[in-house]
Structures are given as C-alpha cells and as structure tokens.
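A.B. asks: Need a 3D model of the sequence below.
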Amino acid sequence: MKKLYFLALSIFASASLMATQVQVKAGNDLQAAVDAANSGDTVLVQAGTYEGNFIMKDGVYVSGGWNEDFTAQTEHASILDAKANGRVLNQPNNFTTLTIWDNFTIQNGKLTEALAGNLGAGVALLKNGRVINCLVQNNTFTYDPATQCAGGGIAQNSNGDTCAINCIVRNNKATHGGGIRTAGVAINCLVENNEATGNGGGVYLHNIGQLHNSIVRNNVCKKDVGGIDIAAAGGAVYNCLVVGNHADGNIGGVQARKYNNVINTTIVGNNHNTTTADRVTWAGFRASDNTATNYNGKLFVNNVIWGNTHNDTLVNQVMPYLKHYASNGTFASNALQGTTDLGADYIALSAENDPQFNDDYSFTWTSPLYNAGSKEALTYFVGDKDVYGNVRKQGANIDLGAVEHTVYTATVEAIENGTATLEFLGQSVSLAAGEMQVPEGFTANVVATPASGYVLDQIVLNSTALEAVEGVYTIPAVESNITLAIIFKQSTITSVENIIAAQVLAVYDMLGRQIDTTINDLTTGMYIVVTEQGTHKISIK
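C.D. replies: This next block holds a predicted model:
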C-alpha cells in the first residue's frame, strides 16, 4: 500500500526468524488473534468492522485493510469501532519491542471517566507503541473537563518515541490536544477539524514532543491556541502548515511557550477572539517566554506568518519575544506581516509585498519568498521532503514555509545558425543546448536572432510550433517538463521579378500609406513595393 508499510514489515521480519503470520477474517475475534501472537509475529486483518476495545501486545505487528485472499490492501478498510464505549486502542504498559498497528480506521471512542495518564479516547500509546497509515476519527470524552483528557485522537506519553506516521486525525475532542497530544514525535500527519476545551485544538506538544511535516488546519480551541500548543522547553515544530485554526481565547495559530525550535512552518489564516487588548496581535504566533537567555541556541528559521486575524479582522503581527531568537539563538530567513522589535533582518510582508500563495500554499515563482530560505535548516528535518512529500530543495535554494515550489526540467535542443534568449521580469537569459530548471508557472518570451544568411524557421515547444502574437513568441506557464527547439533555415534571394510576383509583403502609395498586400489589379498610379528576404529588406520604386 505505502512504502512505510513495507518498512514496517521488514522491521518485524528481521526481528525473529521464527516469526509467524496470522490471518484474521472479517467477523473473527481480532483481539484473540493478537493475544495469541508472539513478539515478532504479524497479524493480517481482513477489511471489515471490528467492534470493541483493543489492546496492543508487545512486539506484535498488526496490519489492516486486506482483501479476502490477503494479497492486496485498501486504505483504512479495517475499522476498529468502540461504539461510544471506552477507548478504541490501548497500549497497557511500556513495551520492549517496537509495536505497530498499520492501516486502520480507529473511531467512536468515548471516555466517561479519567483513565490512568489522562490519555485520550482514540489511541493511547506508551514506549515503543506506534500507529501508521491510520484514520483516527470521532473520538471524544464526556467526564468533568476539569480533569484532563489529553489527545482526543492520538495520545502518547513516552518522551522521544515516534507515535504516529502518515495518519489522518479528524473530528476528535479532548481538553488538551483535540487531535494529538504527544511527548514524542508525529510525522506526516493531517490534523483537522478537532476540538480542545483547554489548550491546543489541533496538537498539544508535551515535554519534548515534536511535530514534523504535518498539516494542522481548521481546528478549534474553546480556550487558548487553535492550532499547535508547544507546551514545554523540548518541543519543536518543523516543516508544518498551520492554517485556518481558531481559538475562542488567545492565539489562533501556534504558541511557543518555552523557547522552542520552529523551522520552515507556514502560519496563515488563523483567528482568535481574545478580549484582552494587548493580546490581539497573538492571532498567528506567540513566543511567550520573556527570559532572553532561555533562547540560547534555539532556532526560528524559514517561517512565514501572514493573514492571521482577531475577530476576523486582519492583524499586523507584533511579536516582541521573537527578538530573543535574534539576540540569543538563530533568527534567519523569515517572512512576517507587520512590524516587530526584532533588531534582525526579515522579509516584511504587506499588501504590496504579499507571499503570492497558490491554493496549496506553495508560492508562485514570482513570490518574494520563492528560493528565499536558508538551506542549513534542512539538517533539522526528518528526510528531505516538504509537507506534501515533494523534494525540499528544487531551485537554487529552499523556499520559505512548509511547501516547496515545484521545479521542472527544460531540455533545450542544439541551437545552430543563430542565438536565442529567454526574456522575463526584465532579465535576459541566453539559451544553450542542454537542461535547465524552470519553476512551475514560469512564463517567458523567446527571442531568436538568426546568423547572417539565415532566418527563423520555427520555435517548437513539446513538438508543437509556437505561434507568434504580434511578433512575440511566448512560452506559456510551465506545468510539466518541457522540450524547446529553436530552428533556423538558410535564406534564399530570388530575382526582382520573382519577389514582385510571389513575395510582395506590402504596397504603399508615395506618401507611405499601405494600400494592399498584393500587386494584382492595382489602379494606375505610383507605388513603392516593399519585401523582405531573410535579413534583406528590398524596396522597388
């Protein structure tokens, strides 16, 4: 199904040479099969709905979504459904061997009382527990909200462990972290439409919790922080898109409470409704620790903060504690809306200098943020991909924010008997045979100059000749790899009689006014015949 699935299988295949594979048919007792398995075994689960509350077993890999003969998988087609009665999937204690549940829908957990660790209703994980490729949805709690229910969808309580990879976490509810609460790492997740009553509508990062390459969008918090609450000093957000989140209280987008690393993150279009006047400007981002020395060695690099609102009114961000990254840590290559007291360079965004987002929050190639990043930030990522899985560095440098602009290859065929240039944005770039990179959306005029004795024959883009418009040949917006050929041909000069008979371009009267493009059936008078042969212009009086 996905490459991570095959990676997981290889982990368990190498764990024990005596490992066995168990196949669970739809309607059979899934929990009994897991309980009977040994560490290193694989349990394959046929597509279907399995009701109840499920317990993980140390070292047992459980894979869902299989067809009847267990030869192919369908995404999220094995459904674990608690039917609004307790937690769906639980890890009862710390494990000694990595244990994965892969490709399930995990839904309808409902906690009516606080459980140990105050962990959430969908999935509760401890050391060496992980879910990958799962859809986690519609999990909630109903007990006294004064007691925490942390992580409505996925909750994890072991520092540093990777808890979730490639998961969709939506429509869950908790006090802290409506979608995910982790002290470990979540990677490549979509966290959307979750709700928190306390902090972190989308994600709550506890202790050294980190979020990588993930989208956090349209989450709601009834109190503070609609998107991501980085609650402790070890937390970090890398390469994430935080968009459209809302807090009834403070901070629509991201809060960095404790001098946290934030790198290549796009924070855009978030909203909050705080009633405290001096907190209005926290709509997108808040760094909340005012002890400058705490930021020693911390990173705020390649981020974009734009278009965040208070009560749906645009806010020009004023984020005073960002200056501590500049004075004690690293503040580099960021783009911010409005002004701050940074004492450091940044790209100031405004209506006149906006990011030029595409629908997916990549930039148009004319954006001031295209190729404007610091490539050193790549050393802090998991892998070399953007939030959509595209290769991170595709141009001369990386882009700011979470999304890398796509770059295509233009293959230019050999240019003989003339020269050619690309003209765009006031620049002129000489063309030569070989390959060059052009960004998605790139458009340019092609100027072809023939050598003496030659004329332009045609300009061919992807096997189709370009048509000149008012004498200008234009490459339309690039959407894929392209090939480009500029073809010249030798000019031929014929007799004056042939020129007049076959290639007259215009006929003028003695005052220079054009009256015809042929010489047939002209009235009596005096005319000038003008024609062109290659680089030669001939006038016949």
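A.B. asks: so where do the helices sit in the stretch 351-500 of the chain?
C.D. replies: For the stretch 351-500 of the chain, the helices defined by DSSP state H, counting those that start in this stretch cover 496-502.
A.B. asks: now the chain
C.D. replies: For the chain, helices defined by DSSP state H occupy the ranges 3-15, 30-36, 323-328, 496-502.
A.B. asks: tell me, which of these is the model least confident about?
C.D. replies: Per-segment mean pLDDT for these reaches its minimum on helix 3-15, at a mean of 37.
A.B. asks: where are the low-confidence patches of the protein?
C.D. replies: 1-19, 493-512, 514-541 (pLDDT under 70).
A.B. asks: And it, what are its domain boundaries?
C.D. replies: 1-108, 407-490, 496-540 (automatic domain parsing).
A.B. asks: Single out the most deeply packed of the ones you listed.
C.D. replies: Comparing the domains of the chain by mean neighbour count (mean count of other CB atoms under 10 Å), domain 1-108 ranks first with a mean of 18. The C-beta positions use only the backbone N, C-alpha and C, and glycine is treated the same way.
A.B. asks: now it, how far from the centre of its chain.
C.D. replies: A distance of 30 Å separates the centroid of the chain from that of domain 1-108, by CA atoms, centre = their mean, to the nearest Å.
A.B. asks: what's the residue lying closest to Thr474 once chain neighbours are set aside in contact with, if anything?
C.D. replies: Nearest residue to Thr474 in three dimensions, chain neighbours excluded: Asn445, at 5.3 Å (CB to CB, 6 or more residues apart in numbering). By CB atoms under 8 Å, 6 or more residues apart in numbering, the contact list for Asn445 reads Leu422, Glu423, Phe424, Val472, Tyr473, Thr474, Ile475.
A.B. asks: repeat for Ala451
C.D. replies: Listed by CB under 8 Å, 6+ apart, the contact set of Ala451 reads Asn417, Gly418, Thr419, Phe488.
A.B. asks: just to revisit the earlier point, Serialize the contacts of Asn445 to CSV and add fields for distance to Ser39.
C.D. replies: Formatted as CSV, those follow (distance: CB to CB, whole Å):
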residue, distance to Ser39
Leu422, 61
Glu423, 66
Phe424, 61
Val472, 70
Tyr473, 67
Thr474, 64
Ile475, 59
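A.B. asks: Strands - which of these land there?
C.D. replies: Counting by DSSP state E, the part of the contacts of Asn445 found in strands is Leu422, Glu423, Phe424, Tyr473, Thr474, Ile475.
A.B. asks: Tell me the one among the residues you listed nearest to Asn103.
C.D. replies: Using CB to CB, Ile475 comes nearest to Asn103 of the ones in strands among the contacts of Asn445, at 43.4 Å.
A.B. asks: My read is that that closest one contacts Thr483, right?
C.D. replies: No. If you go by CB atoms under 8 Å, Ile475 and Thr483 don't touch, sitting 11.4 Å apart.
A.B. asks: what touches both of these two?
C.D. replies: Shared contacts of Ile475 and Thr483, defined by CB under 8 Å, 6+ apart, comprise Leu461.
A.B. asks: Report the two of the ones in strands among the contacts of Asn445 separated the most.
C.D. replies: Phe424 and Tyr473 (12.8 Å).
A.B. asks: Contact partners for Leu125?
C.D. replies: Leu125 is in contact with Gln91, Val131, Ile154, Ala155, Gln156, Asn157, Ser158, Asp161, Cys163, counting by CB under 8 Å, 6+ apart.
A.B. asks: let's see 6 Å
C.D. replies: Gln91, Gln156, Cys163 (CB atoms under 6 Å, 6 or more residues apart in numbering).
A.B. asks: Same question for Thr266.
C.D. replies: Leu241, Val304, Tyr361, Gly401, Ala402.
A.B. asks: Closest to Gly383 out of these?
C.D. replies: So of these, ranked by how close each gets to Gly383 (CB to CB), first place is Ala402, at 13.8 Å.
A.B. asks: Tell me if I'm right that the closest one and Val387 touch.
C.D. replies: Yes. Counting by CB atoms under 6 Å, Ala402 touches Val387, with 4.2 Å between them.
A.B. asks: Looking at the two, which is more packed in?
C.D. replies: Ranked by neighbour count (other CB atoms under 10 Å), Ala402 and Val387 place Ala402 first, with 29 against 26.
A.B. asks: Give the residues shared as contacts by Ala402 and Val387.
C.D. replies: By CB under 6 Å, 6+ apart, the residues touching both Ala402 and Val387 are Asn239, Leu241.
A.B. asks: Report how many residues lie close to Thr291.
C.D. replies: With other CB under 10 Å as criterion, Thr291 counts 11.
A.B. asks: and the gap between it and Val472?
C.D. replies: Thr291 sits 60 Å away from Val472 when distances are taken as CB to CB, to the nearest Å.
A.B. asks: can you check Asn108 too?
C.D. replies: 61 Å.
A.B. asks: same thing with Leu125?
C.D. replies: 61 Å.
A.B. asks: Redo the domains of the chain as TSV? Include distance to Asn199.
C.D. replies: Formatted as TSV, those follow (distance: least, CB to CB, whole Å):
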stretch	distance to Asn199
domain 1-108	21
domain 407-490	38
domain 496-540	74
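A.B. asks: Of those, which is nearest Ala183?
C.D. replies: Smallest distance to Ala183 across the domains of the chain (CB to CB): 12.8 Å, for domain 1-108.
A.B. asks: contacting residues for the residue lying closest to Ile415 once chain neighbours are set aside?
C.D. replies: The shortest distance from Ile415 to any non-neighbouring residue, by CB to CB, 6+ apart, is to Ile486 (5.2 Å). Residues counted as contacts of Ile486 (CB under 6 Å, 6+ apart) are Ile415, Ala420, Ala448, Ile459.
A.B. asks: Try it again at 10 Å.
C.D. replies: 412-421, 431, 446-450, 456-460, 466, 473 (CB atoms under 10 Å, 6 or more residues apart in numbering).
A.B. asks: just Ala232 next, same as before
C.D. replies: Ala183, Leu205, His206, Asn207, Ile208, Gly209, Arg257, Lys258, Asn260.
A.B. asks: of those residues, buried ones?
C.D. replies: By neighbour count, with 16 or more other CB atoms under 10 Å, these hold Ala183, Leu205, His206, Asn207, Ile208, Gly209, Arg257, Lys258, Asn260 as buried.
A.B. asks: Kindly reformat those residues as TSV containing distance to Asp29.
C.D. replies: Converted to TSV, the buried ones among the contacts of Ala232 look like this (distance: CB to CB, whole Å):
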residue	distance to Asp29
Ala183	33
Leu205	37
His206	35
Asn207	37
Ile208	38
Gly209	35
Arg257	45
Lys258	46
Asn260	45
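A.B. asks: Narrow these to those in strands?
C.D. replies: Per DSSP E, strands hold the following members of these: Leu205.
A.B. asks: tell me which of the buried ones among the contacts of Ala232 is nearest to Asn194?
C.D. replies: Using CB to CB, those come closest to Asn194 at Leu205, 14.5 Å.
A.B. asks: which residues does the closest one bridge with?
C.D. replies: Thr182, Ile230 (DSSP bridges).
A.B. asks: That one touches Cys163, doesn't it?
C.D. replies: No. Counting by CB atoms under 10 Å, Leu205 sits too far from Cys163 to count as a contact (11.3 Å).
A.B. asks: Tell me how many other residues crowd the nearest residue to Val304 once chain neighbours are set aside.
C.D. replies: Excluding its sequence neighbours, the residue lying closest to Val304 (CB to CB, 6+ apart) is Gly401, at 4.0 Å. Residues lying near Gly401 (other CB under 10 Å) number 31.
A.B. asks: For Gln148, see how far away Gly401 is.
C.D. replies: Per CB to CB, Gly401 is found 33 Å from Gln148.
A.B. asks: got it, and Asp224?
C.D. replies: 15 Å.
A.B. asks: same question, Gly120
C.D. replies: Taking CB to CB, one finds Gly120 at 10 Å from Gln148.
A.B. asks: Leu299 now?
C.D. replies: With distances taken as CB to CB, Leu299 is found 30 Å from Gln148.
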